[in-house]
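Q: Below are the sequence and a predicted model for it; my questions follow.
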Amino acid sequence: MSRKSRRRRKAAKNAARAEAPPGRLTWRVHPFAENGTKSAVAIAAVLGMGGLALWVSWDLGAHTAAMFGAGAAVIMFLAMHKFFLPTTYVLSKDLIEIRRVFHSLEADWERFRSFNYDDAGALLSPYEVPTRRAVFRSLFLMFDNGRKEEILAYLRRRLRDVKSESAAAE
């Protein structure tokens, strides 16, 4: 790559950052606290998996069966940790941050070209048009119930809205 093309790319990147919406948008999502029925079903699933492992392994001895039951419950909880533990989303001028209890994720805005949304959240895609591969390379942001329109407005300023374009074409 030549120096001239690098300078052009850097100038384009700086111009895009200058046009980015100012400010920072932060919200927190905790699905376990939002819906009591789903929370009860999730707790029943974790305890049920532990109880099932305990019952299946009872012939190995009480101590071993208890270890299997507790292990199964812990594995089930870890598999569902995004439901049980809160997630904080931060959209800033330069990057997207997703903070969870066990790990956090940061992604540049330049990685994403478009987004699509539904009632639960927005899927940020690296592709211009919806593809089947987008699921594997995309990032999903869950909506806060009261701030859905504010989040969508911020995303529309940053990215191309695929859903509204497809609705306008129909």
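A: Yep, it's here. Numbers count the residues shown, from 1 in each chain.

Q: so the most centrally placed residue in the chain bridges to which residues?
A: The residue lying closest to the centre of the chain (CA atoms, centre = their mean) is residue 140, at 3.7 Å. According to DSSP bridges, residue 123 are recorded as the beta-bridge partners of residue 140.

Q: how near is it to residue 34?
A: Using CB to CB, to the nearest Å, one obtains 17 Å as the distance from residue 140 to residue 34. C-beta coordinates here come from the backbone N, C-alpha and C atoms, glycine included.

Q: Over to residue 43?
A: Counting by CB to CB, the gap from residue 43 to residue 34 is 15 Å.

Q: pLDDT weak spots in the chain?
A: 1-4, 6-7, 9-22, 161-170 (pLDDT under 70).

Q: ok now stretch 71-85, how far from the chain's centre?
A: From the chain centre to the centre of stretch 71-85 is a distance of 17 Å (CA atoms, centre = their mean, to the nearest Å).

Q: Buried residues, that stretch. List them.
A: When burial is assessed from 16 or more other CB atoms under 10 Å, stretch 71-85 yields the following buried residues: 72-73, 76-77, 80, 84.

Q: Among those, which are located in helices?
A: The members of the buried residues of stretch 71-85 that map onto helices under DSSP state H are 72-73, 76-77, 84.

Q: Do you have the strands of this protein handy? List them.
A: If you assign secondary structure with DSSP state E, the strands in the chain sit at 25-29, 87-91, 95-99, 104-108, 114-117, 121-125, 139-142, 160-161.

Q: returning to that earlier point: the residue nearest to the centre of the chain reaches residue 122, doesn't it?
A: Yes. Residue 140 lies in contact with residue 122 (CB atoms under 8 Å); the separation is 7.3 Å.

Q: Identify the contacts common to the two.
A: Common contacts of residue 140 and residue 122, defined by CB atoms under 8 Å, 6 or more residues apart in numbering, are absent altogether.

Q: The closest residue to residue 134 other than its chain neighbours - how many residues pack around it?
A: The shortest distance from residue 134 to any residue that is not its chain neighbour, by CB to CB, 6 or more residues apart in numbering, is 4.3 Å, and that residue is residue 125. Applying other CB atoms under 10 Å, we find 24 residues neighbouring residue 125.

Q: Verify the contact between residue 125 and residue 117 for me.
A: No. Contact criterion CB under 8 Å: residue 125 and residue 117 do not qualify, at 11.0 Å.
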